[in-house]
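>>> Coordinates for the following, if possible.
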Amino acid sequence: MNLLALFGSITTVMAFAAFIGIAWVAYAPRFAARHRSDALIPFLDSQLPPDSGHEPEALASTSTKA
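Next up, the predicted model:
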């Protein structure tokens, strides 16, 4: 057997095992609560006031000039 073919086969099996592991974590009921709370992260930033200093213009105006 060719070493390159053996390496390719081992790599394919490892990639498949990684895929199965990721799918298990994504769909396991044990992690459902964490996934629900993580799904809300993009909406947490919308609760900040518009003038909170997170805007690029606000950051540019506070920089020191030499």
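>>> What residues of the lengthiest helix in the chain count as buried?
Among the elements of type helix in the chain, defined by DSSP state H, the one spanning the most residues is helix 3-27. Residues of helix 3-27 classed as buried under the neighbour-count rule (16 or more other Cβ atoms under 10 Å) do not occur. Any C-beta I mention is one placed from the backbone N, CA and C, and that applies to glycine too.
>>> pLDDT (mean, whole number) over it?
Taken as a whole, helix 3-27 carries a mean pLDDT of 95.
>>> what does that helix contact?
Residues from elsewhere that reach helix 3-27, judged by Cβ atoms under 8 Å, 6 or more residues apart in numbering: 31, 35.
>>> Mind doing that once more with 10 Å?
For helix 3-27, the surrounding residues in contact (Cβ atoms under 10 Å, 6 or more residues apart in numbering) are 1-2, 30-31, 34-35.
>>> want to try CSV for these, with secondary structure, distance to residue 23 and neighbour count as columns?
Shown next, in CSV, are those (DSSP: H, G, I helix; E, B strand; the rest coil; distance: Cβ to Cβ, whole Å; neighbours: other Cβ atoms under 10 Å):
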residue, secondary structure, distance to residue 23, neighbour count
1, coil, 30, 6
2, coil, 31, 7
30, helix, 14, 8
31, helix, 12, 13
34, helix, 16, 10
35, helix, 13, 12
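>>> Export the residues you listed to CSV and append columns for distance to residue 22.
Supplementary listing: these in CSV, determined by distance: Cβ to Cβ, whole Å:
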residue, distance to residue 22
1, 30
2, 30
30, 15
31, 11
34, 15
35, 13
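>>> And residue 39, how close does it get to residue 6?
Note on residue 39: its distance to residue 6, by Cβ to Cβ, to the nearest Å, is 42 Å.
>>> cool, and residue 40?
The span separating residue 40 from residue 6 equals 46 Å under the rule Cβ to Cβ.
>>> next one: residue 12
Distance, residue 12 to residue 6, using Cβ to Cβ: 11 Å.
>>> Could you name the helices and strands sitting against the strand or helix carrying residue 33?
With the criterion set as DSSP states H and E, the secondary-structure element containing residue 33 is helix 32-39. Counting contacts by 3 or more Cβ pairs under 10 Å, 6 or more residues apart in numbering; DSSP states H and E, the secondary-structure elements packed against helix 32-39 are helix 3-27.
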